[in-house]
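following is a predicted model, sequence given first.
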Amino acid sequence: MVDRTKNRSDHYQNIFAELPYSNEMMAEFAERDGITTRNDPELRERYLDAKERLRLAFWRLIDEQLTDRQTEVLKLLCKGLTQIEIANKLNVNQSSITKSINGNCDYKNGKRVYGGAKKKLIRLVEKDKEIQEILKELTEINSEYEY
């Protein structure tokens, strides 16, 4: 008799859990003992200014270079929605949301991934002169900061 309690894919598919956390909570966690809590007001101001310019430049890239669907998905993801919640909101399957973010795999060509916002953004950020200058400035600010 065949055991039907397990799926065939159980042995090769990983289980991932998405846990929604607010942007404020994640920012607090990331900066709790960081540069924004130290006493050097000039360094702190430079850091916060560069961080805001980086945020604006990043969203400029998203708005200008990604597809409308990828932009919509990333905006909802950044608001704290899970992939399943985004799929329900956009009336699509969760796998469509995953493909918008991570791309699609072409297993015939050696598991080549294409079409994902994540990979596309990495390439765009590497080529964007404004973002690279801001990242360089943030590195310099960090090196001036004494731990």
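Now that the structure is in, tell me what you want to look at. Please read these numbers as outputs of a predicted model, since none were measured by experiment. Numbering: from 1, shown residues only.

I'd like the next helix or strand past the longest helix seen in the chain.
Among all segments of the chain classified by DSSP state H, the helix with the greatest residue count is helix 41-65. Going down the chain from helix 41-65, the next helix or strand is helix 68-78, by DSSP states H and E.

what mean pLDDT does the following helix or strand past that next one have?
Where DSSP H and E defines the elements, the next helix or strand beyond helix 68-78 is helix 83-90. The average pLDDT within helix 83-90 is 93.

what's the angle between helix 83-90 and helix 68-78?
Interaxial angle of helix 83-90 relative to helix 68-78 (axes from the mean of the first three to the mean of the last three Cα atoms, to 10 degrees): 130 degrees.

quick one: contacts of helix 83-90?
18, 72, 73, 76, 77, 81, 93, 94, 96, 97, 98, 101 (Cβ atoms under 8 Å, 6 or more residues apart in numbering). Backbone N, C-alpha and C define where each C-beta goes, glycine included.

what residues of it count as buried?
83, 85, 86, 87 (16 or more other Cβ atoms under 10 Å).

out of the residues you listed, who's nearest residue 65?
Ranked by distance to residue 65 (Cβ to Cβ), the buried residues of helix 83-90 are led by residue 86 at 20.1 Å.

do you know how far that closest one is from residue 45?
As for residue 86, its distance to residue 45 is 36 Å (criterion: Cβ to Cβ, to the nearest Å).

what lies in contact with the helix or strand hosting residue 131?
Assigned by DSSP H and E, residue 131 belongs to helix 129-144. Residues from elsewhere that reach helix 129-144 (Cβ under 8 Å, 6+ apart): 35, 43, 46-47, 50-51, 53-54, 57-58, 61, 125-126.
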